[in-house]
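S.K.: Give me a model of this one.
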Amino acid sequence: MQPPATKTLGDILYADKTKSRVSEEEWLKLLRAIAGGDQGALHSLYEQTHRIVFTLIVRITMNRETAEEVTLDVFYDVWRKSSTYDPANGSVIGWIMNQARSRAIDRLRFDQRKKRVNTYPHSLLPTTDIVDPQHASLFEEQSRLLRDALEVLSTGERKAIETAFFSELTYAETASKLNQPLGTIKTRIRSGLGKLRDALERKVKGTG
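M.R.: Predicted structure coming up:
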């Protein structure tokens, strides 16, 4: 038994054989109607294209719930940006799919950063919203502890952590910026965070 053939964009878009193919002229007419504020045209475009948009996004994010949210964001973008579409830059479907890909990658990067921040020692993130002298004193103490704790890191660990967290870069972006292998950056950040946690715990307990 032969494996099923890989579906093309057209196969997915026109899976319902009762639907006739939409010409580029018709797609463009629909998009222009959306640019004119026609909500019915937006609904029609959504009904015909949301499956392929969702499929692309779920493949990138690997999460159906996230893909559902991002898919809605994409069509909100279509509603807002339809007047900026230029046929010279490609087909309407291609334009929509490029926005879907961009949205999905942005969401993936955001989620990766959020996970990384959640693993960062809370003591390393003192608030700058200081409203009274007592809080100001606490902020200064937290900052001092952090500066002292950073001394336990190697140069490579410190540079990797500062670049990734303080510049809000992904691990891949950090590796590219520091011209280091991705695996090396991950190892340095992991080991550096471990050292920081231990150092901060010792200093807070007064044993460091």
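
S.K.: what about Asp111, distance to Ile93?
M.R.: According to CB to CB, to the nearest Å, Asp111 stands 27 Å off from Ile93. For the C-beta atoms, the positions are set from N, CA and C on the backbone; glycine is no exception.

S.K.: hmm, I was thinking of Ala33
M.R.: The value you get for Ala33 to Ile93, if CB to CB is used, is 16 Å.

S.K.: tally of neighbours for Thr84?
M.R.: Using other CB atoms under 10 Å, Thr84 has 9 neighbouring residues.

S.K.: For it, give me its contacts.
M.R.: Counting by CB atoms under 8 Å, 6 or more residues apart in numbering, Thr84 makes contact with nothing.

S.K.: who has more neighbours, Asp111 and Ile93?
M.R.: Just comparing Asp111 and Ile93: by other CB under 10 Å the higher neighbour count belongs to Ile93, 19 against 13.

S.K.: Now that one: which helix or strand?
M.R.: Assigned by DSSP states H and E, Ile93 belongs to helix 92-118.

S.K.: all helices of the protein, in order?
M.R.: For the chain, the helices defined by DSSP state H cover 9-13, 24-35, 39-61, 64-81, 92-118, 133-150, 155-161, 171-178, 182-205.

S.K.: care to break this structure down by domain?
M.R.: According to automatic domain parsing, the chain comprises the domains 9-117, 131-205.

S.K.: export these to CSV and tack on mean pLDDT?
M.R.: Formatted as CSV, the domains of the chain follow (pLDDT from 0 to 100):
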stretch, mean pLDDT
domain 9-117, 85
domain 131-205, 73
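
S.K.: returning to what we had before: going by neighbour count, list what's buried in the helix holding Ile93.
M.R.: Judged by neighbour count using 16 or more other CB atoms under 10 Å, the buried positions of helix 92-118 are 92-93, 95-97, 99-101, 103-104, 107-108, 113, 116.

S.K.: and which of the residues you listed is nearest to Met62?
M.R.: Nearest to Met62 among those is Leu108, at 8.6 Å by CB to CB.

S.K.: correct me, but that closest one touches Thr61?
M.R.: Yes - Leu108 lies in contact with Thr61 (CB atoms under 8 Å); the separation is 5.5 Å.
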